[in-house]
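*Asks:* test case, fold it:
(chains A, B, C and D)
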Number of protein chains: 2
Amino acid sequence: MEEQNKKILLVEDDPNFGTVLKDYLMMNDYDVVHAKNGMEGFEKFKKDDYDLCILDVMMPYKDGFTLAKEIREKNTDVPIIFLTAKAMKEDVLKGYKVGADDYLNKPFDSEVLLMKIKAIMQRKATDSVADSKQFEFKIGRFDLNSKLRFLKFDGGDPSKLSPKENELLRLLALHENDLMPRELALTKIWRDDNYFTSRSMDVYIAKLRKYLKPDPNVEILNIHGEGFRLVINNKSE
Amino acid sequence: MEEQNKKILLVEDDPNFGTVLKDYLMMNDYDVVHAKNGMEGFEKFKKDDYDLCILDVMMPYKDGFTLAKEIREKNTDVPIIFLTAKAMKEDVLKGYKVGADDYLNKPFDSEVLLMKIKAIMQRKATDSVADSKQFEFKIGRFDLNSKLRFLKFDGGDPSKLSPKENELLRLLALHENDLMPRELALTKIWRDDNYFTSRSMDVYIAKLRKYLKPDPNVEILNIHGEGFRLVINNKSE
DNA sequence: TTCTTTTGTTAATGTATGGTTAAACCTAAT
DNA sequence: ATTAGGTTTAACCATACATTAACAAAAGAA
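*Replies:* Numbers count the residues shown, from 1 in each chain, chains lettered A, B, ... in the order given. Predicted coordinates:
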């Protein structure tokens, strides 16, 4: 299972410096999107979710503070680090007023920047687990807890599911009694759609069928060339 | 409810500068306790709860970093700001490794310090309040006192826990019966997430399991690739 | 039908992660 | 300097997971 790298938006108009910094950050396992000016920076910010923004203060057309204010209107939480050439007190204060998390004077030591980034990410590492996502499903006589990755039959002893088993069953459950397109699972879970991932998915379907066997009213049907369907029959009728 | 002023521990050996800074902060509605050296600083820290620590790095007998480490053993969350006369890169890195929240070079502008304090306080205010002030836990037949680092079995003789053992068990208890993500413990307790800290954590899990063995209804389960789960079975029902 | 493609299923393989113990290391206190 | 407590690193083993291969069976197309 692949760890998701943290995503950084870097807005810096100096092409040389920007590229060097971007490469340095990427070498340290961050995903970096580099925007060359404030305008572009805001566009990119709106299009994606970022874990951190690094903004140059002095930029043509739209300076870092203005950009920060726009960003804050959309998102009150993203950490922001300002880069500035001169250490003007007014600038520093202005930065903190806009909600800066930190401040760096150019030229700065790249290692120091790395430490600051780490420190900020750690602060944000709050228990984000309590996501409002949906983690619990009733599947016939089964209970799927998708967060703890277990499947209980009739409230008995739970079987542990592997990450892939869990994700796949969850996707099926989300489309209960409806088509769950093959392609959807492949792009969402396997992040790639080719012959091998497709076969891998079939293997997991087989595993899930085994798990679900105890309840004859639950089954995973194939829709040839389309995908799968988790059907739950209601005896009562 | 009445608005309680934020409490700041200021550790600064220069009596003139210290007093001026203390007065300035108090004028800005902070409660400030001023310690004249590292020793005294630690004593005062143990005696009370603070919202922020401002530590001078260069002090006789016990420097700011050492003090910070001691403080961190008692409390992983208090924000710490370092003050330093010289801007040595090694010092800055050292500071962040100990878990600094910010760093200021003397002489600095007092307004800038104020802004940093405000920014940090704001951050803490929005950070999950949930895990803030909970120090006592019932874990099956065990009682964990996380402040004194004691673990009692059936009210008997308490075992003394090391700081890491204690923090880890506390985090697990906070997420009782639920997932405690690996990453969370690593960033909150180890302040770094890499192969070695991760292995170190596994070692501590093994230690905790040993402690908890006397009660068969308490166990720490692993969720492969995700984290751990402290389960407490209620046999009584 | 016959041929081709898609799916079902099981087993083998390789890699990543976790469990556990002991030794090494570090640092504060003696 | 020595020691003791705490933490990290190393080593070795066990388990969990995902992928791939292999072959059988179904479904659809010709």
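*Asks:* CA atoms for contacts and neighbours, from now on please.
*Replies:* Noted.
*Asks:* any residue of stretch A:70-81 touching chain B?
*Replies:* No. Judged by Cα under 8 Å from any Cα of the partner chain, stretch A:70-81 and chain B are separated, with a smallest distance of 9.1 Å.
*Asks:* pLDDT (mean, whole number) over that stretch?
*Replies:* Mean per-residue pLDDT for stretch A:70-81: 92.
*Asks:* from the middle of its chain, how far away would it be?
*Replies:* The chain centroid and the centroid of stretch A:70-81 are separated by 17 Å, computed with Cα atoms, centre = their mean, to the nearest Å.
*Asks:* helix, strand or coil for A:M180?
*Replies:* Judged by DSSP: H, G, I helix; E, B strand; the rest coil, the three-state class of A:M180 is strand.
*Asks:* excluding chain neighbours, what is closest to it?
*Replies:* Once flanking residues are discounted, A:M180 sits nearest to A:F228: 5.3 Å by Cα to Cα, 6 or more residues apart in numbering or on different chains.
*Asks:* measure that neighbour to chain B for me?
*Replies:* Distance from A:F228 to chain B, counting by Cα to the nearest Cα, to the nearest Å: 27 Å.
*Asks:* how deep is that residue tucked in, by neighbour count?
*Replies:* A:F228 has 21 neighbours, counted by other Cα atoms under 10 Å in any protein chain shown.
*Asks:* pretty sure A:Y103 sits against A:K86.
*Replies:* No. Judged on Cα atoms under 8 Å, A:Y103 makes no contact with A:K86 at a distance of 11.3 Å.
*Asks:* same drill for these two, tell me which one is more crowded.
*Replies:* Between A:Y103 and A:K86, counted using other Cα under 10 Å, A:Y103 has the larger neighbour count: 21 against 14.
*Asks:* list the helices and strands the host helix or strand of the more buried one packs on?
*Replies:* Here A:Y103 sits within strand A:102-105, counting by DSSP states H and E. Secondary-structure packing of strand A:102-105 (3 or more Cα pairs under 8 Å, 6 or more residues apart in numbering or on different chains; DSSP states H and E): strand A:80-84, helix A:89-97.
*Asks:* closest to DNA strand D out of the ones you listed?
*Replies:* strand A:80-84 (27.9 Å; Cα to the nearest atom of the strand).
*Asks:* returning to what we had before: can you name every helix or strand that the host helix or strand of the residue nearest to A:M180 contacts?
*Replies:* Following DSSP H and E, one finds A:F228 within strand A:227-232. Packing partners of strand A:227-232 (3+ Cα pairs under 8 Å, 6+ apart): helix A:163-174, strand A:179-181, helix A:182-185, strand A:218-223.
*Asks:* redo that, cut-off 10 Å
*Replies:* Where contact means 3 or more Cα pairs under 10 Å, 6 or more residues apart in numbering or on different chains; DSSP states H and E, strand A:227-232 is packed against strand A:136-139, helix A:163-174, strand A:179-181, helix A:182-185, strand A:218-223.
*Asks:* please tell me how far A:A206 sits from chain B.
*Replies:* 21 Å.
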